Structure formats: structure tokens, C-alpha cells
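Trainee: generate a structure from the sequence data that follows.
(2 chains, ligands or ions: 2)
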Amino acid sequence: MIIAVASGKGGTGKTTVAASLATALAEMGKPVSFLDCDVEAPNAHLFLGAVFDQRRDVDMLIPQVDESLCTGCGRCAEVCEFHAIVVLGGKPLVFSELCHGCGSCTLECPEKAISEIPKTLGILESGPGGAQINFARGLLNVGEPMAVPVISQLKKWQVPSPEEILILDSPPGTSCLVVESMRGADFVILVTEPTPFGLHDLKLAVQLTEELGLPAGVIVNRDGVGDTKVDDFCQEAGLPILMRIPLERKIGAGIAAGQPLTEIYPSYGDRFRQMFQQLEGILADRKAER
Amino acid sequence: MKIAISANMNTIEAQFSQRFGRCDFFILIDSETRAWEAFHNPAASARGGAGPQAVQFIADKGSEAIISGRYGPSAFTALEAAGIKAYLAEDGTVNEVLDKFLADELESTTAATGPELHGRG
Ligand code: SF4
Ligand code: SF4
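Mentor: Ligands and ions are numbered 1, 2, ... in the order given. Here you go, the predicted model:
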């Protein structure tokens, strides 16, 4: 089963929830893989105590022009949807930070003047985390805007076996990065706060899961700080509230120290395992309906 | 010489725009005759790469100089490659900016003056 843990905004406790769920399931002997897809600011390894022993680069092919073959015809600039190659003064100029590596320019150059060279966007790292969790993450190079390939290659690198539970820690927000991280998930857990901001971002995230046709449920973190509008919304939208995590000093301090909830209060192990059963039930019902 | 000026509207009396890559219009002016022509900037709504695309556009139209405010790093690299000199202005109408340019009151820049703006889908 593949479960994505997402949040319409940062700082809601998304990674805490993802790490706690992974730990709770691994503790009962289930094979668990965890992918930190928040490639711009990965921090789940801190919660899961991962030690990386494998590494590989994420490369993308970008064009390189052989000026001796180029006639300056401008075809490459015409076909580039991203304006990453322009022809100025009869010479093509490649903006590698804008290039999406689509290969169109290489294909379309009538003089075969373009070849492709790899550019490194970031790295992938994997290794064992606590409780036998198979942990992996992607890390985008600083200043590199092209993050989607890092997520897609991370997911291709770590394909789960059928009996494995794969937890995807999505980036915050609702960008194309989040879409890429959720792709292929069976269920999406949305973590939110019961505040007007939390509700606003939750609505956007729910819209996204609906567009992708993915079943979703909600975990309310820092329960007790706000109002009941998140509850009302979930009821109207038919979204199950899977868990409430109260606003509590001990929990806040534990999270700040990089502890999953299962470590702060061992009883959370059972709560997350029960929640997992609930997810299995929801998915079984959906299957039966089809 | 042909000069491009970034603008908010499509006339010579339009407000000058400090934005380069994503300005709405370019007014192209012949500095000798003051004859002008307005063009919608095709890069105004580009998802990414507005700077290089805008440079390609004004270069194809034969501009030898541009007057704007904020040039991102990619835009500036492209302007250099195209041999288009980048001048800076503050505000006023396109006509007023042109007068300042003709009176030699505008500075040119030798480096980018704005941040890189990346579109993200
Ligand atoms: S399409 Fe090929 S030949 Fe034409 S300008 Fe681009 S690189 Fe040069
Ligand atoms: S590979 Fe695609 S995105 Fe990159 S410069 Fe060529 S056409 Fe543009």
C-alpha cells in the first residue's frame, strides 16, 4: 500500500505524522519504506534516525550546441516551450536553469548541431532508518529550480514490493511537486490545523486530491487551538477525520527534538496502527464499490 | 538606432514599466525620427524563461538598446549575447523616458538588476 502524507502548508506536523505512522507500522513487523519527497527541505531523516549508505546523482539531459554545425536558423528556440534556448545574433544560447530536458530542440535541429549532456539536479540517498525502516530521500541542489525530476527519480529508484507499505512524505503546498509526490498513492493523509489558515490550505489540498482521484482523510494537529470549521468542512466534504493530536507542551517539545509521536507517547503506536486499519477498511470499501 | 522601452500600455504616452521580462508592451522607437511601434510582449505571461524570451523578441525586432528597470540574470545574459545595451530608467511616460535617453541622462547597466523569477506549474 502507498500512503502519501501531505499538507496544504508547511509547519503543520506533516513529517511528524508520516514518521510516526512509519514507526508504528514497522514496530509491528510490517515491511515499511519511507520516501522523503520534500526535496527542497528534507528533514524526515531526523525523525527516523536514517543512516545513508547509498547515493546516486539525479541527472537531466540538457542541450549542448556545436557551433561549427549550427547555421543559426532559430528552429531550436521556436520549439522550446520553456524558452530555455534562444538564438541571438545567430548563435543559440542555452539557459540550463530553465531547461526541462524535454529533448525537443535536439530532435528538431535540422543540422544535428545539438547533442545532450547530463546536468546534475540533486542527489538521492537511501539507508536504514530506525525500526528497520527502509529510508530514502531526494535532495535538490541549492538554487536549482527543477525539482520534479528529483521526486520522480526518487520514486523510480525505490519501487515498493507488493507487501511493502510505502509512506511518501510530500512537500508542503499544492504545487506540481506535490502532485508528483502523490502520483501512484492509494491514499492521501492530509495534516491540518483547526485554524482559518489551516482550513484555507486544507481546502486547496482536498481539491488537489479530488482532481487526482485519490481518496483522502484528515489528521487534525494542534487540536484545540482554533474553531470547529475544519470539522464542519470535513463532514460536508465526506472526509474522515483519522486522528486528532492535541496541542500539548510535551508533544511540541518532543517534535522539536526530532521525536516521532510514538516515542513521545508509546500509546500513539496503537493509535497509528488503528488508523492504518481504518485506511485498509476505507480502501476495501472503495474496491467493493467498483 | 532602434530602442525598445518597456511599457504598461501600447502607446508612446503609456507609463514606463520597470519590469523587463514580464512587462505588457514594448514600444520600439527609431531614435532619429521618433517613429514608434507598440508590440505586445509575448513573454508577459510565460510560465518560465520570460527574460530570454523577451530578449529574443526585441532582438528579432532589431533593437540595439533597451530601457527598463529590472533585468534578471538570464535576461541580462541574453541581452549581452544579443549585443543589446541595457539602460535604466525610474518612471514617467515612454516619451519622457525617451527624452531623458536622448539627452544622455540615463545610465546603462553592466550587471543584472533584478532577481531571477521562475514560473512553477
Ligand atoms: S536548430 Fe540547430 S542549426 Fe538551428 S539555430 Fe538551433 S542549433 Fe543552430
Ligand atoms: S531540452 Fe527541451 S526545455 Fe531544454 S532547451 Fe531543449 S527544447 Fe528547451
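
Trainee: from now on I want contacts and neighbour counts done on CA atoms only, so please keep to that.
Mentor: Noted.

Trainee: tally of neighbours for B:Lys100?
Mentor: 13 (other CA atoms under 10 Å in any protein chain shown).

Trainee: is it part of a helix or strand, or is it coil?
Mentor: helix (DSSP: H, G, I helix; E, B strand; the rest coil).

Trainee: where along the stretch 1-150 of chain A do the helices fall?
Mentor: In the stretch 1-150 of chain A, the helices defined using DSSP state H, counting those that start in this stretch lie at A:14-27, A:44-48, A:75-79, A:104-108, A:148-157.

Trainee: nearest to ligand 2, of the ones you listed?
Mentor: Nearest to ligand 2, of all those, is helix A:104-108, at 4.2 Å by CA to the nearest ligand atom.

Trainee: need the contact partners of the closest one.
Mentor: Residues outside helix A:104-108 that contact it (CA atoms under 8 Å, 6 or more residues apart in numbering or on different chains) are A:Pro63, A:Arg75, A:Cys76, A:Ala77, A:Val79, A:Cys80, A:Lys112, A:Ala113, A:Ile114, A:Ser115, A:Glu116.

Trainee: and what of stretch B:65-75?
Mentor: For stretch B:65-75, using CA under 8 Å, 6+ apart, the contacting residues are A:95, B:2-6, B:16-21, B:49-52, B:54-55, B:84-90, B:111-117.

Trainee: quick one: end-to-end distance for it.
Mentor: 13 Å (CA to CA, to the nearest Å).

Trainee: wait, A:Phe52 touches A:Leu124, no?
Mentor: No. Taking contacts as CA atoms under 8 Å, A:Phe52 lies outside contact range of A:Leu124: 9.8 Å.

Trainee: out of the two, which sits in the more crowded spot?
Mentor: A:Leu124 (21 against 16).

Trainee: residues in contact with that one?
Mentor: A:Arg55, A:Arg56, A:Asp57, A:Val58, A:Ala136, A:Arg137, A:Gly138, A:Leu139, A:Val150, A:Leu154.

Trainee: try 7 Å this time
Mentor: Counting by CA atoms under 7 Å, 6 or more residues apart in numbering or on different chains, A:Leu124 makes contact with A:Arg55, A:Arg56, A:Asp57, A:Val58, A:Arg137, A:Gly138, A:Leu139, A:Leu154.

Trainee: what of A:Thr228?
Mentor: Per CA under 7 Å, 6+ apart, neighbours of A:Thr228: A:Pro194.

Trainee: what separates it from chain B, distance-wise?
Mentor: Between A:Thr228 and chain B the distance is 33 Å, computed by CA to the nearest CA, to the nearest Å.

Trainee: returning to what we had before: among the contacts of helix A:104-108, who's most crowded?
Mentor: That'd be A:Pro63 among these, by other CA under 10 Å, with 26 neighbours.

Trainee: excluding its backbone neighbours, what's nearest that one?
Mentor: Among residues not flanking A:Pro63 along the chain, A:Glu116 sits closest, at 4.5 Å (CA to CA, 6 or more residues apart in numbering or on different chains).

Trainee: pull the number of nearby residues for the residue nearest to A:Cys234 when sequence neighbours are not counted.
Mentor: Leaving out its chain neighbours, the residue that sits closest to A:Cys234 by CA to CA, 6+ apart is A:Pro240, at 6.8 Å. Per other CA under 10 Å, the neighbour tally for A:Pro240 reads 17.

Trainee: check A:Asp232 too.
Mentor: For A:Asp232, using other CA under 10 Å, the count is 11.

Trainee: where does chain B have low pLDDT?
Mentor: B:117-121 (pLDDT under 70).

Trainee: for A:Leu46, see how far away the closest residue to A:Thr120 other than its chain neighbours is.
Mentor: Nearest non-adjacent residue to A:Thr120, counting by CA to CA, 6+ apart: A:Asp59, 4.4 Å away. According to CA to CA, A:Asp59 and A:Leu46 sit 26 Å apart.

Trainee: repeat that for B:Asp24.
Mentor: 47 Å.

Trainee: so the two - more neighbours on which side?
Mentor: The neighbour comparison of B:Asp24 against A:Leu46 (other CA under 10 Å) goes to B:Asp24, with 20 against 16.

Trainee: the more buried one contacts B:Ile5, doesn't it?
Mentor: No. Under the criterion of CA atoms under 7 Å, B:Asp24 makes no contact with B:Ile5, lying 10.9 Å away.

Trainee: which non-adjacent residue is nearest A:Ile72?
Mentor: Check again: residue A:72 is Gly, not Ile. That would be A:Gly90: by CA to CA, 6+ apart, it lies 4.5 Å from A:Gly72.

Trainee: you'd agree that neighbour is up against A:Arg75?
Mentor: No. Under the criterion of CA under 7 Å, A:Gly90 is not in contact with A:Arg75, lying 11.4 Å apart.

Trainee: care to break chain A down by domain?
Mentor: Chain A breaks down by automatic domain parsing into domains covering A:2-57+A:126-289, A:67-112.

Trainee: report whether the shortest one contacts ligand 1.
Mentor: So the one you mean is domain A:67-112. Yes. Contact between domain A:67-112 and ligand 1, assessed by CA under 6 Å from any ligand atom, occurs at A:Cys70, A:Thr71, A:Gly72, A:Cys73, A:Gly74, A:Arg75, A:Cys76, A:Pro92, A:Cys109, A:Pro110, A:Glu111.
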